[in-house]
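In: Predicted model and sequence follow; I will ask about them next.
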Amino acid sequence: MLALVDKYLRGRPEDAPEQREFSGNAHLIAEDNIAQRRYVRELLEREFPSHTPVLEAGDGETTVELALEHMPELCVLDIQMPKLSGVKAARAIWRIRHLSVVRCPWFS
């Protein structure tokens, strides 16, 4: 799996996996803390009900895979996550696809 992410960090746009299209505008939440991820999900679903689906990832590697596969309109990333940091995940996503990524350090 890390080899796949490393490929995205160093790769070219033509190396990206095929993207799937959704009827709505998907959002992606990347947060390893389940309670915080649930809070952000509820907030997005309440404030942006037409933006579906809301995708969730608990680590950086899954974040990159979901972002490149589904091309969400917005990605909200925690900075410190298992397997791959939010910063490295954002770089991998930006390198292949220029998506809107919000990096959020959570303080609790």
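Out: Sure, I can see it. Residues are numbered from 1 along each chain as shown.
In: where's residue 75, which helix or strand?
Out: strand 74-78 (DSSP states H and E).
In: Likewise for residue 82?
Out: Per DSSP H and E: nothing holds residue 82, as it lies in no helix or strand.
In: Is it correct that it is in contact with residue 32?
Out: Yes - Residue 82 lies in contact with residue 32 (CB atoms under 8 Å); the separation is 5.7 Å. All C-beta spots, glycine's among them, are computed from the backbone N, C-alpha and C.
In: These two - which one has more neighbours?
Out: residue 32 (17 against 11; other CB atoms under 10 Å).
In: where in this structure is pLDDT low?
Out: Applying pLDDT under 70 to the chain picks out residues 1-24, 98-108.
In: buried sites along the longest helix seen in it?
Out: Longest helix in the chain by number of residues (criterion: DSSP state H): helix 34-47. Across helix 34-47, burial judged by 16 or more other CB atoms under 10 Å covers 37, 40, 41, 44.
In: quick revisit: now do the shared contacts for residue 82 and residue 32.
Out: Counting by CB atoms under 8 Å, 6 or more residues apart in numbering, the residues touching both residue 82 and residue 32 are 58, 59.
In: all strands for the chain, in order.
Out: With DSSP state E as the criterion, the chain has strands at 27-30, 54-57, 74-78, 100-104.
In: returning to what we had before: counting contacts, what elements does the longest helix of the chain pack onto?
Out: strand 27-30, strand 54-57, strand 74-78 (3 or more CB pairs under 8 Å, 6 or more residues apart in numbering; DSSP states H and E).
In: Strand 74-78 and that helix, what's the angle between them?
Out: On the basis of axes from the mean of the first three to the mean of the last three CA atoms, to 10 degrees, helix 34-47 is oriented at 160 degrees to strand 74-78.
In: of the buried residues of helix 34-47, closest to residue 27?
Out: Residue 27 lies nearest to residue 44 out of these, by CB to CB, at 5.3 Å.
In: which residues sit in contact with that closest one?
Out: Applying CB under 8 Å, 6+ apart, the residues near residue 44 are 27, 29, 51, 54, 76.
In: one more time with 10 Å, if that's ok
Out: 27, 28, 29, 51, 52, 54, 74, 76 (CB atoms under 10 Å, 6 or more residues apart in numbering).
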